[in-house]
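Peer 1: Sequence plus the predicted model coming up.
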Amino acid sequence: GENVEQHPSTLSVQEGDSAVIKCTYSDSASNYFPWYKQELGKRPQLIIDIRSNVGEKKDQRIAVTLNKTAKHFSLHITETQPEDSAVYFCAASNPNTGFQKLVFGTGTRLLVSP
Amino acid sequence: GAVVSQHPSRVICKSGTSVKIECRSLDFQATTMFWYRQFPKQSLMLMATSNEGSKATYEQGVEKDKFLINHASLTLSTLTVTSAHPEDSSFYICSAGDTSNSPLHFGNGTRLTVT
């Protein structure tokens, strides 16, 4: 089955810096890759997603890139703010097991210092 | 947008008792819902796929007789942790999408503590 690895496990940056979180996946049939932000004790919230027919997607300060050949995708956050501090999870799914049947990465704890 | 509501948000129970957690889709119908478990500082692990009107599909290693799932309507799925033990203490989260091809939205989660 699918296996998603995520790095780094923790990331500390200064306010205004950029943050990059990377994930790799094992199943070449996977074609949907969402990113979720989870604050302590709260629900994961979808922040951006990408499907395998595109290589990059951007939404204001957040962008995701996908390299299907290498089977990795990355989350980029620019001009980080303290409120960006949270745990971020990447995930993958493939149509064979179900578009919504997500396999999550291990999470990255992002700390943005003022 | 799609809203998923989960209840209760927090529950404390004694070892050996059963606990029911409800997951509702508030503004859409969900033929499929997903139940996840998250231990502290760990990732979300899929427990089972809840299918409206039929049996749930459990992931490998998840005991179906211990984690009973009922999806009797298009807006409600329930997870019952039977004969709970301290090792069942965890954060349980449900999710659903308003169509089969839409992103998942998560409930608030239920923090279960078994004493």
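Peer 2: Yep, it's here. Numbers count the residues shown, from 1 in each chain, chains lettered A, B, ... in the order given.

Peer 1: CA atoms for contacts and neighbours, from now on please.
Peer 2: Noted.

Peer 1: how many neighbours does the closest residue in space to residue A:53 that isn't next to it in sequence have?
Peer 2: Excluding its sequence neighbours, the residue lying closest to residue A:53 (C-alpha to C-alpha, 6 or more residues apart in numbering or on different chains) is residue A:31, at 8.0 Å. Other residues near residue A:31 come to 16 when the count uses other C-alpha atoms under 10 Å in any protein chain shown.

Peer 1: residues in contact with residue A:31?
Peer 2: Residue A:31 makes contact with A:51, A:52, A:53, A:92, A:93, A:94, A:95, according to C-alpha atoms under 8 Å, 6 or more residues apart in numbering or on different chains.

Peer 1: Residue B:86 against residue B:115, yeah?
Peer 2: Yes: counting by C-alpha atoms under 8 Å, residue B:86 does reach residue B:115; the two are 5.9 Å apart.

Peer 1: that older thread, how far away is the residue nearest to residue A:53 from residue A:55?
Peer 2: 11 Å (C-alpha to C-alpha, to the nearest Å).

Peer 1: Give me the pLDDT value at residue A:8.
Peer 2: On pLDDT, residue A:8 comes in at 97.

Peer 1: Identify the residue nearest the geometric centre of chain B.
Peer 2: Of all residues in chain B, the one closest to the mean position by C-alpha atoms, centre = their mean is residue B:35, 3.7 Å from it.

Peer 1: dump the residue contacts of the nearest residue to that residue once chain neighbours are set aside.
Peer 2: Distance criterion C-alpha to C-alpha, 6+ apart; nearest residue to residue B:35, sequence neighbours excluded, is residue B:94 at 4.4 Å. Counting by C-alpha under 8 Å, 6+ apart, residue B:94 makes contact with B:6, B:23, B:33, B:34, B:35, B:36, B:106, B:107, B:109.

Peer 1: Other residues contacting stretch A:100-111?
Peer 2: Contact with stretch A:100-111 is made by A:2-13, A:21, A:23, A:82, A:84-94, B:34, B:42-46, B:97, B:100-104, as judged by C-alpha under 8 Å, 6+ apart.

Peer 1: before we move on, the earlier item: put the buried members of the contacts of residue A:31 into a ChimeraX selection.
Peer 2: Applying 16 or more other C-alpha atoms under 10 Å in any protein chain shown to the contacts of residue A:31, the buried members can be selected in ChimeraX as follows:
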select /A:51,92,93,94
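
Peer 1: Those residues of chain A touching chain B, which are they?
Peer 2: By the rule C-alpha under 8 Å from any C-alpha of the partner chain, the part of chain A lying against chain B is A:34, A:42-46, A:89, A:99-107.

Peer 1: Contact partners for the residue nearest to the centre of chain B?
Peer 2: Residues in contact with residue B:35 (C-alpha under 8 Å, 6+ apart) are B:46, B:47, B:48, B:49, B:50, B:79, B:92, B:93, B:94, B:95.

Peer 1: about what we covered before: the residue nearest to residue B:35: which element?
Peer 2: Assigned by DSSP states H and E, residue B:94 falls within strand B:90-96.

Peer 1: Just the C-alphas of that strand, formatted as CSV.
Peer 2: Output of strand B:90-96 as CSV, limited to C-alpha atoms (Å, rounded to 0.1, in the frame of the first residue of the first chain):
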residue,chain,number,x,y,z
SER,B,90,-6.8,8.9,21.8
PHE,B,91,-8.2,11.6,19.6
TYR,B,92,-10.8,10.2,17.2
ILE,B,93,-11.7,12.3,14.2
CYS,B,94,-14.2,11.7,11.4
SER,B,95,-14.2,13.2,7.9
ALA,B,96,-16.3,13.4,4.9
